[in-house]
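Undergrad: Provide a 3D model corresponding to the input given below.
(2 chains)
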Amino acid sequence: MPFELIPPNTKIDFIGRGKLCASLSVLLILVSLALIPVRGLRLGVDFAGGTEMQVRFDPGVAVSEGTVRGVLAESGVVEDPAVVRFGDPSAREFLVKFKGGEEVADPTADLTAEQAVTASVDRVELVEGALVSGVGPLSVERVDFVGPRVGQELRSDGLWALFLASLAILVYVTIRFSSRFAPGAVVAVVHDLLVTSGIWVILGFEFDLRVLAALLAIIGYSLNDTIIIYDRIRENMELRTKAALRDVLNQSVNQTLSRTVLTSGTTLVALLSLYFLGGEMIRPFALAMLIGVVVGTYSSIYIAAPLLLMLEGGDSSQESGKAKAASAT
Amino acid sequence: MSGLKWRVGLILVLMAVLSVVTVSNFVPKETRQQSEFWPDEGLRLGLDLQGGINWVVGVKIEEAIQHELEFLRDSLVESLADQGVQAGSIVVKPGQLEVAGVDPASREQIREALAEYNSLQAVEGDQGAENYELTADWEEEIRDRTMAQVLEVLRRRIDDPVRGIPDSVVTRQGDDRVLVQIPGGQIDRSRARELLKSTGFLEFKIVLDTAESEDALKARFVGGIPSDQEIAVETDPESEQVIAAYLLPEAADITGDYLDDARLNWDNQQRPLVTFRFNPEGGRIFGKLTEENIGSQLAIILDDKVYSAPVVRSRISTNGQIEGRYTVQQAADLAVVLRAGALSVPVVIEEERSIGPALGQDSILSGTRASILGLALVLIFSGVYYRLSGLYASVALLFNLVMLIGVMSLFEATLTLPGIAGLVLTVGMAVDANVIIFERIREELRSGKTPRTAIARGFDKANSTVLDANCTTLITALILFEFGTGPIKGFAVTLSVGILTSVFAALVITRTAFMLYPGGRSVQKMSI
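TA: Residues are numbered from 1 along each chain as shown, chains lettered A, B, ... in the order given. Next comes the predicted model:
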């Protein structure tokens, strides 16, 4: 007997739960949207601009978040720095975030090009100096600085990338399948983006380039799932031209269920190992991907397939669906 | 059967070659370069893994355009004054020249004078005023020239082969940015910032004596060269051979601080030459110097190296030219050198990504751990779930990783931390293609097909599904590559290559494994 997680003749009525699931997703998206004005959409340094410094104090330096904050406030080198401990408490590592970074001293002063560059202030060095004299010896492990122009570009490029990816998918599915399938695939993808971002907002995490990369990978991954189900639906439609569309959809989702669960499983296993062992730097990416894979799998089963039925105008047989499509053109 | 032998043979050869390439990444660089066996280069580590400084330096091109407008204004005022035309006021506005308060009588003359400047074009101005701006072509020219100058300056400061930081890279990025990458462990951040700001030193000196080599020149002075004089040499830019040695006064006759501009130009026989322009004070000093030294050689020295020593033919004040038997390239290079002492426009760091070497090392370690654990879990899972077929899938997955790393090494791609994440993700997703095929085969078996037919039909039906599913992921990966910067691009690279190798592994390698066993045999039961 082969090892089976999903018994071969599983017949779950996924399509019947489509409406319930769609309402659930919409509710989740609404909650996250409602939370944005309350909590503010948290953008990381990549998109909001500013500086993020990771510092590690030398062994033996007694230091807490409070002392770092106090020393920085007293020195006044940067406005409103945010200080958080990074990773393990014994590591004496902190993240210091503040607005601004490298700045030309006085843009209105009449300086030569060379003088302007030499006179520019580097806030990282100011912070480093203040912490060394106020707390103790340290090493700067990481500096991420994004100026206003670059931040603006990264924001618009990021949105463009998400938009283009969705558009490319629409085109691909239209060409490879038919225009009947394309809207469902795109709605499923947009659903995944919104729900994953929504969960991210609800959890109160920051959006940065890593999360954007995860969102784009999720588009690809979730669509992968959806396409495999659609592929089977297309095949079954050709085999059973007389059957009700609803039955064909349910049959197809059930037939591919085993594959859907298995692939999500191995991907989740790899991502979990990345989340737990991959280190602090990669953790946000791994977490966003974990959420996205779960959401993507759910949407492929409960959203993408039922959507086909809704778009065809409810419980009708395939024949009438085709007739409708024909009369529409 | 011989077709199958070929197939297996080709796969084994491919894997052997790629395994060597993959393993070579773990061999120390020195050993690799000395030995004939290992390839010299392999995967590069991104700055986020090896540690280092990554700067995007913004160049204020607008200022260069204003400089150019000021230059054109001065030249226009001069030529109108020569013709005795009352020009009213010509003012430099942001991006434009405004000609206002013009006496109607002289309007036509001004237009004629302006028409001679093919770098300017008329645009709509405010009531009665006539405005001019740079033509698109000329603006492009200014942009390129400014970027070339800034690049030259920053290269001299950062990645000069002699004085700079080893392995650092300075490249142009887009229209108005320069990317500066300094690998870690060699220099701290503040020192690198100082280097970025260190001005190159340009001097002009009258040549006192010259010979083919330093020794030949020294031989002429029995008691050693006078204390207030020094020797500098000129080297051929390509062969780096000394082509001339010059005896020069120690103190510069004039420095590059007074130089406003220098550019490639052409004489009336269309031979390339370099024209340059001092500011008024520099013009006075230079005028006096050249007047007193007509017929002598004038050495142009940047950071103690002689770049050129043209003969002074006449008195030169503000605007001068350097003639010689230059090729276009040499003249263009000389112009860049003349402008290279100081930055002609301000630059500012617009983005920084710096990582200490220790943190990079940590990332490599934890990334490797995550990859190994992920791989182990997926391998165990396939073996347990699909038995013999799972073993095939496991072999295909291992081959897949060898291909992925091997191909990336062959292209000398850069591995970043997000790139490692892409690798782990590939491990998780790569079995997908096998799962699609195996589930299909199981279905066929359930419907009563013999193992042989089930395998054939399974692969046939799964083929297009596998291609479709992976195409879409590939599309998003390519979009990510196009829009991503730095480390994120590394993720897009591993993800894209990983998709291609996964498809190959499933459709070719797993398939071949099934051809070997059960192959043509009619087995009763299948281990799947």
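
Undergrad: Helix, strand or coil: sort out the closest residue to residue A:212 other than its chain neighbours for me.
TA: Setting aside the residues directly before and after it, residue A:212 is nearest to residue A:158 in space (C-beta to C-beta, 6 or more residues apart in numbering or on different chains), at 4.8 Å. Every residue, glycine included, has its C-beta placed from N, CA and C. Of the three states, residue A:158 takes helix according to DSSP: H, G, I helix; E, B strand; the rest coil.

Undergrad: pLDDT score for whatever residue of the stretch 151-300 of chain A ends up closest to chain B?
TA: Per C-beta to the nearest C-beta, residue A:270 is where the stretch 151-300 of chain A lies closest to chain B, at 2.9 Å. Looking at residue A:270, its pLDDT is 94.

Undergrad: That one: what's its closest spatial neighbour, skipping adjacent residues?
TA: Per C-beta to C-beta, 6+ apart, closest to residue A:270 is residue B:428, 2.9 Å.

Undergrad: Contacts only, for that neighbour.
TA: Going by C-beta atoms under 8 Å, 6 or more residues apart in numbering or on different chains, residue B:428 touches A:266-271, B:374, B:378.

Undergrad: Helix or strand: which one has it?
TA: Here residue B:428 sits within helix B:417-446, counting by DSSP states H and E.

Undergrad: For the helix or strand just after that helix, enumerate the helices and strands it packs against.
TA: Counting by DSSP H and E, the next helix or strand C-terminal to helix B:417-446 is helix B:451-483. Where contact means 3 or more C-beta pairs under 8 Å, 6 or more residues apart in numbering or on different chains; DSSP states H and E, helix B:451-483 is packed against helix A:148-176, helix A:209-239, helix B:417-446, helix B:486-504, helix B:511-516.

Undergrad: Flag every buried residue along the shortest one.
TA: So the one you mean is helix B:511-516. For helix B:511-516, the neighbour count (16 or more other C-beta atoms under 10 Å in any protein chain shown) marks B:511-515 as buried.

Undergrad: right, so the helices and strands packed on helix B:451-483: which one is the most enclosed?
TA: helix B:417-446 (a mean of 26; mean count of other C-beta atoms under 10 Å in any protein chain shown).

Undergrad: tally of neighbours for whichever residue of the stretch 1-150 of chain B sits closest to chain A?
TA: Nearest residue of the stretch 1-150 of chain B to chain A (C-beta to the nearest C-beta) works out as residue B:56 at 6.5 Å. Neighbourhood size, residue B:56 [other C-beta atoms under 10 Å in any protein chain shown]: 22.

Undergrad: quick check: domain ranges of chain A?
TA: Split into domains by automatic domain parsing, chain A comes to A:15-43+A:150-328, A:50-146.

Undergrad: So which of these is the most surrounded?
TA: domain A:15-43+A:150-328 comes out most buried of these by mean count of other C-beta under 10 Å, with a mean of 20.

Undergrad: related to what we said a few turns ago, please identify the helix or strand for the residue of the stretch 1-150 of chain B closest to chain A.
TA: Counting by DSSP H and E, residue B:56 is part of strand B:52-59.

Undergrad: remind me, longest helix of chain A?
TA: The longest helix of chain A (DSSP state H) is helix A:245-277.

Undergrad: Sorry, slip of the keys, the one I care about is chain B.
TA: Secondary structure of chain B per DSSP H: the longest helix is helix B:357-410.

Undergrad: rewinding a little: out of the helices and strands packed on helix B:451-483, nearest to residue B:124?
TA: helix A:148-176 (28.9 Å; C-beta to C-beta).

Undergrad: State whether residue B:171 is indeed within a helix.
TA: No - Residue B:171: not assigned to a helix; according to three-state DSSP it is strand.

Undergrad: was I right about residue B:15 contacting residue B:398?
TA: No - here residue B:15 does not reach residue B:398: they are 9.3 Å apart, not a contact under C-beta atoms under 8 Å.

Undergrad: any idea how far chain A is from residue B:508?
TA: Distance from residue B:508 to chain A, counting by C-beta to the nearest C-beta, to the nearest Å: 20 Å.

Undergrad: which residues sit in contact with the residue nearest to residue A:212?
TA: A:47, A:209, A:212, B:483.

Undergrad: from these, which is closest to residue B:144?
TA: Using C-beta to C-beta, the contacts of residue A:158 come closest to residue B:144 at residue B:483, 25.5 Å.

Undergrad: any weak-confidence spans in chain A?
TA: Applying pLDDT under 70 to chain A flags residues A:1-2, A:103-120, A:313-329.

Undergrad: Residue nearest the middle of it, spatially speaking?
TA: Closest to where the C-alpha atoms of chain A average out (C-alpha atoms, centre = their mean) is residue A:215, at 3.5 Å.

Undergrad: From what I see, that residue and residue A:288 are in contact.
TA: Yes - using C-beta under 8 Å, residue A:215 is in contact with residue A:288, at 6.9 Å.

Undergrad: Next, show the common contact partners of these two.
TA: residue A:196.

Undergrad: if we can go back for a sec, mind listing what the residue of the stretch 151-300 of chain A closest to chain B touches?
TA: Residue A:270 touches B:374, B:377-378, B:424-425, B:427-429, counting by C-beta under 8 Å, 6+ apart.

Undergrad: where does the stretch 1-150 of chain B dip in pLDDT?
TA: B:1, B:86-88, B:101-102, B:125-128.

Undergrad: what does it put close to chain A?
TA: With C-beta under 8 Å from any C-beta of the partner chain as the criterion, the stretch 1-150 of chain B comes near chain A at residues B:48, B:56, B:58, B:60, B:63.

Undergrad: and if we set it to 10 Å?
TA: B:48, B:51, B:53-60, B:63-64, B:67, B:150 (C-beta under 10 Å from any C-beta of the partner chain).

Undergrad: Just the buried ones among those, please.
TA: Judged by 16+ other C-beta under 10 Å, buried ones among those: B:48, B:51, B:53-60, B:64, B:67, B:150.
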